[in-house]
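Chemist: got a predicted model here, sequence first, then my questions.
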Amino acid sequence: VRWIHIQEDGSVVAIDKEDEIPANSVIRWYKYILDRSVSDKLAGAFWEEIEEARNCFSYSFVPDILVGSEKFKVIVECPSREAIIAQLEESEFADFVGVEIKDKEVLITNLNLFTNLNEYKLIYKVSVDGVITKEFSEKPLDLKAGDTKSFKVSSEVLDYLDSLNLNCNEISLIVEIEKTQTTAYGTYKQVANAQKVFGNYQVKLPNHKVVRVVDGLNNIGIIAEDCSYLISKPTGFITSIKTYGKEVLKNNMYLNFFRALIDNDRGNRAGTRLGAWHTASLYSYCTSCNLVQENNTYVVKTTHVLGGTKSALVTINYELTENGALAISLDYKKSLELPEFMVDFSFMLPAKKEYQSLEYYAKGLTDNYVDRDSGLNCLVYHSDVKSQMVAYLKPQECGNHQECRYVKLVDCNGHGICVVKTEENFNFSALPYSVEQLLTALHDYELPKSYCSYLKISQDQLGVGGDDSWGADVLPQYRKLNQDCSLKVVLTTI
């Protein structure tokens, strides 16, 4: 039996005798990737870490690893417990450093036990309407482990902020604490950050001149230059959106008050407790749909009774704006027929599969939720529907983005739809599968072939929970109460 010794600098050597093993090594279990060659010194060998015993200084329990006809044991040199904790502090850096922007100062709290911040740089970034326009780099921080200190924002940064127009643009100041690390496994950045937003985001919509509005027997049509909308009277939902003569929707718009259960939902029986919200949206039906004229414009007013209830109502108004867009307003009045907590309050737009490209001004390139959003900035991001899916072993809710100002879903020609905030920011997700498809699949390979891009526009969503253990319920401050709520956005074509 030979030993594989992975040293602190990442280099790998073979040890034939036990007396050559460092006396205070810390054990890690590694699985060798068999398609890589093994030399005597194992230089450049690739190992996949399975599990780490951080505070164990014995190697007797480490299993043998069989590579071809040779057996190996694995040890990792780590000379002190302090070094182990310091390594943890660096790998989880954002969790141990607090950053808060206060007026013209930045308050930084170093919660680490051993890691000083003298090798970390303070970086300022300024964004205008979600796009980074300027970056300023400061000297390394002088902040010892356990200390808290205020740092004045440099005059150069303040002067640049003063030069921007807060009346016409949304400006944000982003503060990052950063260190570039180069190890045997690659180069990466460790970051803790904060963002403060100033000014107002000005909604910018394309202008589509309205040609005519048609109140038909079964549908209400709105025809404008380069686009049209069709609202079904029997369902009360948008059934067609055309841009430049091309249909965007695969199926009708519909209400959604539920989500594909996450692991924590299953652990705390959220499906049993809150499943009535799924029935409420899945089997809602329209009781009225009328076209009226108000304030020199047209408004389509609809009323929907929620499934499984006698009197729980959602009203949806579609108001035609002067530039040919639809201002959509959803209103729900609290109903005692439904559970105490809501899961989601949203509507779905199932677009055709060719509408894959996303541009959005919201929080995070990765998905985020009300209790899982620290360290993410509100900026303009580009992605696609397929990339929004997270490959969980069991398909579940994913892809949500908070504090959205606008989201665009377009085809390869840049044509499609855009949803824009009015008074309040909203949440959105864009996935290749519906809630129902994700709910019924036990594994990812059981998901059907995707025919749609499901754009979900949400007022808010229940947190994900699991703070202290798998299955732990959502903390009270992150629960969505069953109470009056509304969602207001503008839908336009591009």
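Modeler: Perfect, thanks for sending it.
Chemist: off-centre distance for stretch 282-293?
Modeler: 32 Å (Cα atoms, centre = their mean, to the nearest Å).
Chemist: quick check: buried residues in it?
Modeler: Neighbour-count burial for stretch 282-293, counted by 16 or more other Cβ atoms under 10 Å, picks out Leu282, Ser284, Cys286, Cys289, Leu291. Glycine gets a C-beta too; all of them are placed from N, C-alpha and C.
Chemist: just the CA trace of that stretch, in CSV.
Modeler: Taking C-alpha atoms only, stretch 282-293 is exported to CSV below (Å, rounded to 0.1, in the frame of the first residue of the first chain):
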residue,chain,number,x,y,z
LEU,A,282,-54.8,25.2,-12.0
TYR,A,283,-58.7,25.2,-12.0
SER,A,284,-59.5,28.9,-12.0
TYR,A,285,-62.2,30.0,-14.4
CYS,A,286,-63.4,33.3,-15.8
THR,A,287,-66.8,34.7,-14.9
SER,A,288,-66.6,38.0,-16.9
CYS,A,289,-64.6,39.6,-19.6
ASN,A,290,-65.6,43.0,-20.9
LEU,A,291,-64.1,45.8,-23.0
VAL,A,292,-64.7,49.3,-21.7
GLN,A,293,-63.5,52.8,-22.4
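Chemist: so what touches it?
Modeler: The contact list for stretch 282-293 (Cβ atoms under 8 Å, 6 or more residues apart in numbering) reads 213, 215, 220, 231-237, 254-255, 258, 298-308, 314, 436.
Chemist: also stretch 298-309?
Modeler: For stretch 298-309, the surrounding residues in contact (Cβ under 8 Å, 6+ apart) are 213, 220, 222, 231, 236-237, 255, 257, 276, 279-293, 311-320, 335, 337-338.
Chemist: got it, and stretch 127-134?
Modeler: Residues outside stretch 127-134 that contact it (Cβ under 8 Å, 6+ apart): 125-126, 160, 164, 169-172, 174, 201-202, 361, 377-380, 405.
Chemist: take those and keep only those in strands.
Modeler: Secondary structure from DSSP state E places Lys125, Val126, Glu170, Ile171, Ser172, Ile174, Tyr361, Cys378, Leu379, Val380 of the contacts of stretch 127-134 in strands.
Chemist: check contacts around the last one.
Modeler: Applying Cβ under 8 Å, 6+ apart, we find Val380 in contact with Asp129, Gly130, Val131, Glu359, Tyr360, Tyr361.
Chemist: out of those residues, flag the one nearest to Gln388.
Modeler: Distance ranking of these against Gln388, using Cβ to Cβ, places Tyr360 first at 10.3 Å.
Chemist: look up how far His382 lies from that closest one.
Modeler: Counting by Cβ to Cβ, to the nearest Å, the gap between Tyr360 and His382 amounts to 8 Å.
Chemist: higher neighbour count, those two?
Modeler: Counted by other Cβ atoms under 10 Å, Tyr360 and His382 do not tie: Tyr360 has more neighbours, with 24 against 10.
Chemist: bridging residues for the spatially closest residue to Glu119 that is not a sequence neighbour?
Modeler: Excluding the flanking residues, the one nearest Glu119 by Cβ to Cβ, 6 or more residues apart in numbering is Lys179, at 5.6 Å. Legend: beta-bridge partners of Lys179 under DSSP bridges are Gln190.
Chemist: could you give the number of residues near Lys179?
Modeler: By other Cβ under 10 Å, 17 other residues sit near Lys179.
Chemist: pLDDT value on it, please?
Modeler: Here, the pLDDT recorded for Lys179 equals 78.
Chemist: Trp470 now?
Modeler: Per-residue confidence (pLDDT) for Trp470: 77.
Chemist: wait, it touches Gly267, no?
Modeler: Yes - in this structure Trp470 lies within contact range of Gly267 using Cβ atoms under 8 Å: 5.5 Å.
Chemist: more neighbours, the two?
Modeler: More neighbours surround Gly267 than the other of Trp470 and Gly267, with 16 against 11 (other Cβ under 10 Å).
Chemist: relative to Tyr283, how far out is the more buried one?
Modeler: Note on Gly267: its distance to Tyr283, by Cβ to Cβ, is 27 Å.
Chemist: one more: Gln461?
Modeler: Distance from Gln461 to Tyr283, by Cβ to Cβ: 21 Å.
Chemist: quick revisit: could the buried residues of stretch 282-293 go into JSON lines alongside distance to Ser154?
Modeler: Compiled in JSON lines, these are given as follows (distance: Cβ to Cβ, whole Å):
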{"residue": "Leu282", "distance to Ser154": "55"}
{"residue": "Ser284", "distance to Ser154": "55"}
{"residue": "Cys286", "distance to Ser154": "58"}
{"residue": "Cys289", "distance to Ser154": "58"}
{"residue": "Leu291", "distance to Ser154": "57"}
